[in-house]
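# Predicted model follows, preceded by the sequence.
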Amino acid sequence: MSVAQPDVTVIIGAYEAMPYLVECLASVEAQTLDPARLEVIAVDDGSRDGTGECLEEFAARVPLSVTVIRQENSGGPSGPRNVGLAKATGRYVFFLDADDRLGAEALERMVAMADRNGTDVVLGRVEGINRKPPKSMWGETLERTDVYSSNIKFTLSAQKLFRREFLERHGMRFDESLWTGEDALFTMEAYLRADGVSVVADYTCYYLVGRTDGKHVTKSGSYTLRFDSARALMGLLERLVPPGAKRDVLMVRPFLVTVLPQFGPVFLRNDEEIRRTKMELAKPLMDAYWNEGVAQRLMVHERLRLELVARQRPDLLVDVLEFIVAKSKPAPVLKKRNTQLYLAYPHYGSAATGLPDRLYLAEPREAKAYPGWRKDPAEALLRGFTRKVRRRLSRLRRRTVRPGGTAAV
């Protein structure tokens, strides 16, 4: 079946995807989007379990434009996605993992959202099947937003709808040198360069499936690859975002999601050599990107652990981790007429360690859970004024008339 130009090209990179691929393809076939508006490019990345044959059978059977490409194994998801992107002809592209599946109305809803708002990226609500999905960004449907005024920075997987002309204009491709985190790099760049991002939160567009065979890519790989991923994402932010509050807001993501887990409970189980290697790998990242602007946006235990990594103090970090693993609760210490709350994790107030008390100071979002704490009136007034300004700017953006005479809503 041939089309002049489809609305969406679904790109499926598949490696050893059976039997999950069967339901993945069924979800594509079940799309409510007109089949004439849909193109599928499936890349079998050197599978030996029947994945390629399943794709070819699907192509021969369904009333869709389906291209199957079979190639030698590339070693990661970037290669197949780039191959598919080079062949795509749709106005939009959607990267679908071969072990996941789409909601029936997913593509129709996301295309309508992008067309209505002229946005370059659309996120569809994700639910997990035997796997924990991202949650913080699905609070409400957003016709038009950006990476600074929403929580979309915490979902950097590739399973989004992207305007293809936008990707081509910026020469965007997945980094094939990365074995993990390649999608985070690609998606963050798209967020930063996009003329608006939309969020479909009132319909489950994507089902993230947890494999039981242990072959899911995010479960494999050495810890050293995580540092490679963090380094690449932090470098991207350094190149595209000037120093300041905006960069700090985005830097929270790689520190919190990629670096910090390496210095969680697993660190206690690591032998001395791995601990030392992790500290060495983290040091240049901490030296270059860790600052007060990032630190103050974290919870106390997160900030404290990362500061100990920055100071190269694994001995003190072990004390903090043992305290956390034991499920001990830090004593709250109220100061400044109860407007400042410190959480007494290990080494709080110890002159011998040289750790400043400010590391233990809870920000309001954490402090409000403790009885007795109250907001500083001056700070509350400033925060309220800032929120009002942001809301007013958001309303102005929504009212801005877009090219063609239509108003963004």
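Cool, the structure landed. Note that the coordinates shown come from a computational prediction; the quantities given were computed from them, not determined experimentally. Numbers count the residues shown, from 1 in each chain.
# my read: Tyr92 touches Phe166, true?
No - taking contacts as Cβ atoms under 8 Å, Tyr92 lies outside contact range of Phe166: 9.4 Å. To be clear about C-beta, it is placed using only N, CA and C from the backbone, and glycine gets the same treatment.
# the more surrounded of those two?
Tyr92 (26 against 17; other Cβ atoms under 10 Å).
# quick one: that one from His347, how far?
52 Å (Cβ to Cβ, to the nearest Å).
# Pull out the buried residues from stretch 350-362.
Thr353, Leu355, Leu359, Tyr360, Leu361, Ala362 (16 or more other Cβ atoms under 10 Å).
# ok, for the fifth one, nearest residue in space, not its chain neighbours?
Using Cβ to Cβ, 6 or more residues apart in numbering and skipping residues adjacent in sequence, the residue nearest Leu361 is Tyr342, 5.6 Å away.
# wait, that neighbour sits on Pro332?
Yes - Tyr342 is within contact range of Pro332, at 7.3 Å (criterion: Cβ under 8 Å).
# These two - which one has more neighbours?
Each of Tyr342 and Pro332 has its neighbours counted (other Cβ under 10 Å); Tyr342 has more, 21 against 16.
# helix, strand or coil for Gln282?
No, residue 282 isn't Gln; it's Ala. helix (DSSP: H, G, I helix; E, B strand; the rest coil).
# Check the gap between it and Arg358 for me.
In terms of Cβ to Cβ, Ala282 sits 21 Å off from Arg358.
# residue contacts, Val209?
Tyr20, Asp99, Asp100, Arg101, Gly128, Ile129, Asn130, Arg131 (Cβ atoms under 8 Å, 6 or more residues apart in numbering).
# repeat that with 7 Å
By Cβ atoms under 7 Å, 6 or more residues apart in numbering, the contact list for Val209 reads Tyr20, Asp99, Asp100, Arg101, Ile129, Asn130, Arg131.
# so where do the strands sit in the stretch 151-300 of the chain?
Assigned by DSSP state E, counting those that start in this stretch, the stretch 151-300 of the chain shows strands spanning 161-163, 197-209.
# Return the most buried member of those strands.
Among the strands of the stretch 151-300 of the chain, the stretch with the highest mean neighbour count (mean count of other Cβ atoms under 10 Å) is strand 161-163, at a mean of 24.
# other SSEs contacting that one?
strand 92-97, helix 106-117, strand 121-129 (3 or more Cβ pairs under 7 Å, 6 or more residues apart in numbering; DSSP states H and E).
# And those: which comes nearest Asp271?
Using Cβ to Cβ as the measure, strand 121-129 is the one of the helices and strands packed on strand 161-163 that comes nearest Asp271, at 32.8 Å.
# could I get that closest one in CSV with only the CA atoms?
Below are the C-alpha coordinates for strand 121-129, written out as CSV (Å, rounded to 0.1, in the frame of the first residue of the first chain):
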residue,chain,number,x,y,z
VAL,A,121,7.0,17.2,20.4
VAL,A,122,3.9,15.4,21.9
LEU,A,123,4.1,13.2,25.0
GLY,A,124,1.3,10.7,25.5
ARG,A,125,0.4,9.3,28.9
VAL,A,126,2.4,6.2,29.8
GLU,A,127,1.2,3.2,32.0
GLY,A,128,3.4,0.4,33.1
ILE,A,129,2.9,-3.4,32.7
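# Pairing partners for the helix or strand that it is followed by, with directions?
Sequence-wise, the next helix or strand downstream of strand 121-129 (DSSP states H and E) is strand 142-145. Using DSSP bridges, the strands paired with strand 142-145 are strand 197-209 (antiparallel).
# Show the average pLDDT along the strand it pairs with.
Averaging the model's pLDDT scores along strand 197-209 yields 97.
# now do stretch 87-101
On average, stretch 87-101 scores 97.
# Now do that stretch: distance from first to last residue.
22 Å (Cα to Cα, to the nearest Å).
# can you start the count at 757 instead of 1 from here on
Yes, from this point I'll number from 757; that puts the last item at stretch 843-857.
# And the helices in the stretch 1057-1165 of the chain?
Under the criterion DSSP state H, counting those that start in this stretch, the stretch 1057-1165 of the chain contains helices at 1070-1081, 1120-1123, 1133-1155.
# Contact partners for Lys909?
Val903, Leu1006, Arg1009.
# Out of those, list just those in helices.
Leu1006, Arg1009 (DSSP state H).
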